[in-house]
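Asker: I would like to see how this sequence folds:
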Amino acid sequence: MTRETHQTMLDPQRDIATDYALIATGVVAALIALAFLILV
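Answerer: A predicted model of the protein is given here:
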């Protein structure tokens, strides 16, 4: 498997952690919006 090596300001591990944080934030926001629509 060939892997792209692109240099960013963050190292790959922190980049992955950032992706997980964004995904978790999106999931939480979706659940809050869903609960708000159900309760209101």
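
Asker: Quick one: residues contacting Leu22.
Answerer: Residues counted as contacts of Leu22 (C-beta atoms under 8 Å, 6 or more residues apart in numbering): none. Quick note: C-beta positions are derived from backbone N, CA and C, even for glycine.

Asker: for the record, mean pLDDT for the helix or strand hosting it?
Answerer: Leu22 belongs to helix 12-39 when assigned by DSSP states H and E. Helix 12-39 carries an average pLDDT of 91.

Asker: So what's the gap between that helix and the chain middle?
Answerer: Its chain's C-alpha centre and that of helix 12-39 lie 6 Å apart, by C-alpha atoms, centre = their mean, to the nearest Å.

Asker: Buried residues of that helix, list them for me.
Answerer: In terms of neighbour count (16 or more other C-beta atoms under 10 Å), helix 12-39 has no buried residues at all.

Asker: The chain should start at 26 in everything you say after this.
Answerer: Sure, I'll start counting at 26 from here, so that last one is helix 37-64.

Asker: and Ile57, how far is that from Ala42?
Answerer: As for Ile57, its distance to Ala42 is 22 Å (criterion: C-beta to C-beta, to the nearest Å).

Asker: Let's see stretch 43-52 as CSV, backbone CA atoms only.
Answerer: Extracted in CSV, the C-alpha atoms of stretch 43-52 (Å, rounded to 0.1, in the frame of the first residue of the first chain):
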residue,chain,number,x,y,z
THR,A,43,-8.6,16.2,15.6
ASP,A,44,-10.7,14.2,13.1
TYR,A,45,-12.1,12.1,15.9
ALA,A,46,-12.9,15.2,17.9
LEU,A,47,-14.7,16.7,14.9
ILE,A,48,-16.7,13.5,14.4
ALA,A,49,-17.6,13.3,18.1
THR,A,50,-18.7,16.9,18.0
GLY,A,51,-20.9,16.3,15.0
VAL,A,52,-22.5,13.3,16.5
